[in-house]
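# what's the 3D shape of this:
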Amino acid sequence: MAKVKFEVLRDDDGEVRGYKLGNYYLVKHYIWNNTYEWIINTTGKDYYYALYDEDIKAEDKVLVTGRLATDILTVKNVLTKDEARELCSVTITEEVRCKVDLSAYNQRVKNREEATKLRKKMDDEIKKMDELNKYEMYADRNPALREMLEQLKGLGV
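Here you go, the predicted structure:
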């Protein structure tokens, strides 16, 4: 990616208050109490968001401003402000709202999938048992069926 030149916005005291690129402003770009903000981008097409929670890392699921509350994004990489300035071609105007913990949901999905597989196995066994019970019931009434059933059992099928 090409490097982007930002216009530095300063207040009357000369302190940096943000950056401007065309008609876009980076308004969340302040350094308070020697703590630095972080910038992230997400998987798929790269979008960049301001990040204020230092606990968020790559592969975490997050909600961001500027997107629907149902749009859960995956963090691709966490960048410093300097790295973001070099990579990002537009000013970052949106931010991460919060981290999303999907572990309980993912466990429920996994449990449902396992239950479906187990039910299928159980149904297959019941079907075999029903068939065998049907043969045995009729074999009790018919000596010819009883002989055939004994042969079938002898085959180990």
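
# C-alpha from now on. contacts and neighbour counts both.
Will do.

# Show me the longest helix that occurs in this structure.
When the chain is scanned for its longest helix (criterion: DSSP state H), the result is helix 103-141.

# helices or strands up against whichever helix or strand comes after that helix?
Next along the chain after helix 103-141, taking DSSP states H and E as the criterion, comes helix 143-154. Where contact means 3 or more Cα pairs under 8 Å, 6 or more residues apart in numbering; DSSP states H and E, helix 143-154 is packed against helix 103-141.

# Return the set of buried residues in the helix it packs on.
Judged by neighbour count (16 or more other Cα atoms under 10 Å), helix 103-141 contains these buried residues: 136, 139.

# Show me how far stretch 47-64 is from its chain's centre.
13 Å (Cα atoms, centre = their mean, to the nearest Å).

# Equivalent analysis for stretch 67-74, please.
10 Å.

# what domains does the record give for this structure?
The chain breaks down into these domains under automatic domain parsing: 7-101, 114-154.

# and the shortest one, how far out from the chain's middle?
When distances are taken as Cα atoms, centre = their mean, domain 114-154 is centred 45 Å away from the chain's centroid.

# Report the mean per-residue pLDDT for that domain.
The pLDDT scores in domain 114-154 average 92.

# ok, now stretch 94-111?
In this model, stretch 94-111 has an average pLDDT of 91.

# can you list the residues that contact that stretch?
48-52, 56, 60-66, 72 (Cα atoms under 8 Å, 6 or more residues apart in numbering).

# now the angle from the longest helix of the chain to helix 143-154?
Angle of helix 103-141 versus helix 143-154, following axes from the mean of the first three to the mean of the last three Cα atoms, to 10 degrees, is 140 degrees.

# returning to that earlier point: out of the domains of the chain, which one sits most buried?
Burial of these is given as mean neighbour count (mean count of other Cα atoms under 10 Å); domain 7-101 ranks first at a mean of 16.

# Columns distance to residue 108 on top of the domains of the chain, output as CSV?
Formatted as CSV, the domains of the chain follow (distance: least, Cα to Cα, whole Å):
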stretch, distance to residue 108
domain 7-101, 13
domain 114-154, 10
